[in-house]
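Undergrad: Below are the sequence and a predicted model; questions follow.
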Amino acid sequence: MNLTGIIMQTLGGLGLFILGMKMMTEGLQATAGQKIRQILEAISSNRFFGCATGAGVTAMIQSSSATTVMLIGFVSAGIMSFEQSVGVIIGANIGTTITGQMIAFKLTKLALPAIAIGVVLKYFSNKRNYRYIGDIILGFGLLFYGMTVMKNGLSPIKSDPQFIEIFTTFSTQSIGGILLCILMGTLLTVAVQSSSATVGLTMTLAASGLLTFPTALALVLGENIGTTVTAQLSTMGSHNADAHRTANAHTIFNIAGVGIILLIFPWFVNIVEIITLKLGAGAVTHTVNGEYVNISRYIANGHTLFNVINAMVFLIFLPRLVQLTILISPKPDRSKQRYQLPEFDSGYIDSPIGALAKVKGEIIKNIEFFHKNFKKLSTCIVIRDDDILGEREAVEEHLDNCQKIIIKYLTTIFQGELNKAEAKEISEMMRIANNIERLGDSMENVSKILEKIYDNNFEFTGQAQQDLLDISGQVDKFITLIIDEMHEKMEGFYQKALANEDRIDQLRENMRDQHIERLRKGECQVDVGVFFISLVSNYEKMGDCCLNIATGVNRII
């Protein structure tokens, strides 16, 4: 028996399975990415609706880890609350069992035709959508071909006494044996970063007769714990408390669920056997040519039933799960720096949906930071405040730095695999980030002009001062409209944005005409008039920037 050949073939088959799984998930995300984000962003606080949504989304993209990473991105961005995300996570664990069910129905005969069709679509199609469909079909084929390679690789050892002795150490006759199986399942999933892959490997081992059904089921329980590590890794380096809570909720939910099943494990095994027989499967011990042909169905049903029971229990006790998660998670930092820069990490790069959600959250924070300082500066039209005027350089530097960080991260995302909608979204986000920075430039100019006016003891006429308050107030309304739309989409937003921009342009024209008339009548000084026109021009530029931002927001949100 060639041990090296067996190991290489088994690992190679596992590698093909993981590659196929990843390719299929990425293809599904690329095809349905926009729909997925719209579904997740529309989630209400109803826990049962959230659970159903999580199950549906995960079934669509075939990865609970991908769903959880997306959720962490949404929670970090402030698009979704932590409480909303927990219900979705519960559902995601149900959705991920669809992969196991697919494997259990032995579609291996379709593997090579799927690979052939997938390659043609992926590499010879001119249309982007067909290439994504090619990813899905090719991934499907590689997944099942990997299963075949693993099965063939393991076939020489299923009758070898030494290997049989090794695998019989994983016995579920004692609580220690069950815990050992759970630990091995956890470690294996941590190593390969895919619970679907380890479930597939477990099914292959069980079908070869190397694992009994109870042992395979105990390994699957551990694999459910191991899959939570991906979410934990995506929060490393993040200072967002809700992001950590979301990842921790996933971990607590799965560990506690395994604990519950552990208490009733023998009965749970019997229930799975009874249900699977009722569903029309043959006996779990039935063999054909030395292969346990039905055991994969039992394992897949056990995986699904575990997650359904888990979901039912924790949906009832969801508030307690939320409280426990908050208790053990890092406390939010209440003393946030005023000039806190955006934080991005590589954990979201493989999930463009989550990454773009994170960017959206940082853009909202950025424009809200501008808005807060803009409102403060507007008070200086009436009365001098050196504290506010003295902050302009720090505020402008912060907005510049935010723009650079956001653009750099968007460029990194753009270099990965994206669909057409995601590429367009990145382009519009760059437009928005650049225009927020230009708003900061105009605000800095306004601050400098106001300081010069006060330093030279110039005074505006009552009408000029009111004009400045009016145009400043109109810009303020425009920014408020944009921020409200970023938080929650509204009907007729873009028409309102166009009306705001027209109003600012009209105010500028009227103010210039009135200013010329005041100059003609000698009601204001020429030097003061120059400053007045400069201020009006800067506010008008802000209106143009706001329209550019509104255009981008309207196209992508």
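TA: That came in fine, so what should we check first?
Undergrad: hey, where'd the helices end up in the stretch 251-400 of the chain?
TA: Using DSSP state H, counting those that start in this stretch, the helices found in the stretch 251-400 of the chain span residues 265-278, 295-316, 318-328, 352-378, 386-389, 392-414.
Undergrad: Which among those is found nearest to residue 227?
TA: Residue 227 sits nearest to helix 295-316 of all these, at 11.0 Å, using Cβ to Cβ. The way it works is simple: take the backbone N, C-alpha and C, and place the C-beta from them, glycine included.
Undergrad: same for the closest one, what does it pack against?
TA: On a contact count with 3 or more Cβ pairs under 8 Å, 6 or more residues apart in numbering; DSSP states H and E, helix 295-316 meets helix 47-61, helix 82-95, helix 97-104, helix 195-207, helix 213-226, helix 241-263, helix 265-278.
Undergrad: mind checking how far that helix is from the chain centre?
TA: In this view, helix 295-316 has its centroid 25 Å away from the chain centroid, taken as Cα atoms, centre = their mean, to the nearest Å.
Undergrad: got CSV for the helices and strands packed on helix 295-316, with mean pLDDT and mean neighbour count too?
TA: Formatted as CSV, the helices and strands packed on helix 295-316 follow (pLDDT from 0 to 100; neighbours: other Cβ atoms under 10 Å):
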stretch, mean pLDDT, mean neighbour count
helix 47-61, 83, 22
helix 82-95, 84, 27
helix 97-104, 82, 22
helix 195-207, 83, 27
helix 213-226, 89, 26
helix 241-263, 86, 21
helix 265-278, 92, 16
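Undergrad: Throw these into CSV and include distance to residue 459, thanks.
TA: Formatted as CSV, the helices and strands packed on helix 295-316 follow (distance: least, Cβ to Cβ, whole Å):
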stretch, distance to residue 459
helix 47-61, 59
helix 82-95, 52
helix 97-104, 73
helix 195-207, 71
helix 213-226, 72
helix 241-263, 49
helix 265-278, 83
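Undergrad: Nearest approach to residue 395 belongs to which of those?
TA: Among those, helix 241-263 comes nearest to residue 395, with 26.1 Å by Cβ to Cβ.
Undergrad: what about the helices in the stretch 451-557 of the chain?
TA: Secondary structure of the stretch 451-557 of the chain by DSSP H, counting those that start in this stretch: the helices cover 462-487, 493-521, 526-556.
Undergrad: ok so, going back, so which of the helices and strands packed on helix 295-316 is nearest residue 354?
TA: Minimum separation from residue 354 across the helices and strands packed on helix 295-316 (Cβ to Cβ) falls at helix 241-263, 10.4 Å.
Undergrad: and the closest one, how far out from the chain's middle?
TA: With Cα atoms, centre = their mean, you get 19 Å for helix 241-263.
Undergrad: so what does it touch, helix or strand wise?
TA: Using 3+ Cβ pairs under 8 Å, 6+ apart, helix 241-263 sits against helix 64-77, helix 82-95, helix 175-192, helix 213-226, helix 228-234, helix 295-316, helix 318-328.
Undergrad: Now mean neighbour count too, for the helices of the stretch 451-557 of the chain, in TSV please.
TA: Shown next, in TSV, are these (neighbours: other Cβ atoms under 10 Å):
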stretch	mean neighbour count
helix 462-487	18
helix 493-521	15
helix 526-556	20
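Undergrad: Turn these into JSON lines, including mean pLDDT.
TA: As requested, the helices of the stretch 451-557 of the chain are exported to JSON lines (pLDDT from 0 to 100):
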{"stretch": "helix 462-487", "mean pLDDT": "91"}
{"stretch": "helix 493-521", "mean pLDDT": "88"}
{"stretch": "helix 526-556", "mean pLDDT": "90"}
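Undergrad: So which of the helices and strands packed on helix 241-263 is the most surrounded?
TA: Mean neighbour counts were taken over the helices and strands packed on helix 241-263 using mean count of other Cβ atoms under 10 Å, and the top value, a mean of 29, falls to helix 64-77.
Undergrad: Which secondary structure elements does it sit against?
TA: Counting contacts by 3+ Cβ pairs under 8 Å, 6+ apart, helix 64-77 packs against helix 3-41, helix 47-61, helix 82-95, helix 228-234, helix 241-263, helix 352-378.
Undergrad: okay, the ones you listed in CSV with distance to residue 285 next?
TA: Output for the helices and strands packed on helix 64-77, formatted as CSV (distance: least, Cβ to Cβ, whole Å):
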stretch, distance to residue 285
helix 3-41, 24
helix 47-61, 31
helix 82-95, 28
helix 228-234, 33
helix 241-263, 23
helix 352-378, 44
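Undergrad: picking up where we left off before, what's the closest of the helices and strands packed on helix 295-316 to residue 172?
TA: helix 213-226 (4.2 Å).
Undergrad: relative to helix 241-263, how tilted is that closest one?
TA: Between the axis of helix 213-226 and that of helix 241-263 there is an angle of 170 degrees, by axes from the mean of the first three to the mean of the last three Cα atoms, to 10 degrees.
Undergrad: Quick one: work out the angle between helix 213-226 and helix 97-104.
TA: Helix 213-226 runs at 140 degrees relative to helix 97-104, counting by the same axes, to 10 degrees.
Undergrad: follow-up on the earlier one: make CSV out of the helices of the stretch 451-557 of the chain and add distance to residue 7.
TA: Shown next, in CSV, are these (distance: least, Cβ to Cβ, whole Å):
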stretch, distance to residue 7
helix 462-487, 53
helix 493-521, 60
helix 526-556, 48
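Undergrad: Confidence-wise, which of the helices of the stretch 251-400 of the chain is weakest overall?
TA: For the helices of the stretch 251-400 of the chain, mean pLDDT drops lowest on helix 318-328, to a mean of 84.
Undergrad: chain center to that helix, what's the gap?
TA: Centre-to-centre, helix 318-328 and its host chain are 22 Å apart (Cα atoms, centre = their mean).
Undergrad: Then stretch 283-298?
TA: Distance of stretch 283-298 from the chain centroid (Cα atoms, centre = their mean) equals 39 Å.
Undergrad: Touching that stretch from outside, list them.
TA: By Cβ atoms under 8 Å, 6 or more residues apart in numbering, the list of residues contacting stretch 283-298 from outside reads 103-106, 151, 158-159, 203, 206-209, 213, 216-217, 272-273, 276-277, 279, 281-282.
Undergrad: Among the helices and strands packed on helix 64-77, which comes closest to residue 450?
TA: helix 352-378 (7.7 Å).
Undergrad: what angle sits between that closest one and helix 47-61?
TA: Counting by the same axes, to 10 degrees, helix 352-378 lies at 120 degrees to helix 47-61.
Undergrad: by contact count, what packs against helix 352-378?
TA: Counting contacts by 3+ Cβ pairs under 8 Å, 6+ apart, helix 352-378 packs against helix 3-41, helix 64-77, helix 386-389, helix 392-414, helix 420-455, helix 462-487.
Undergrad: related to what we said a few turns ago, nearest to residue 28, out of the helices of the stretch 251-400 of the chain?
TA: Of the helices of the stretch 251-400 of the chain, nearest to residue 28 by Cβ to Cβ is helix 352-378, at 11.3 Å.
Undergrad: got the angle for the closest one vs helix 64-77?
TA: Using the same axes, to 10 degrees: helix 352-378 against helix 64-77 is 0 degrees.
Undergrad: List the buried residues for helix 352-378?
TA: 352-364, 366-367, 369-371, 373-374, 377-378 (16 or more other Cβ atoms under 10 Å).
Undergrad: wait, what's in contact with residue 37?
TA: 70, 353, 356, 357.
Undergrad: For those residues, name the two members farthest from one another.
TA: For the contacts of residue 37, the farthest-apart pair by Cβ to Cβ is 70 and 356; their separation is 9.9 Å.
Undergrad: quick revisit: nearest approach to residue 36 belongs to which of the helices and strands packed on helix 241-263?
TA: The closest of the helices and strands packed on helix 241-263 to residue 36 is helix 64-77. By Cβ to Cβ, the value is 7.4 Å.
Undergrad: and that closest one, how far out from the chain's middle?
TA: The answer for helix 64-77 is 4 Å, by Cα atoms, centre = their mean.
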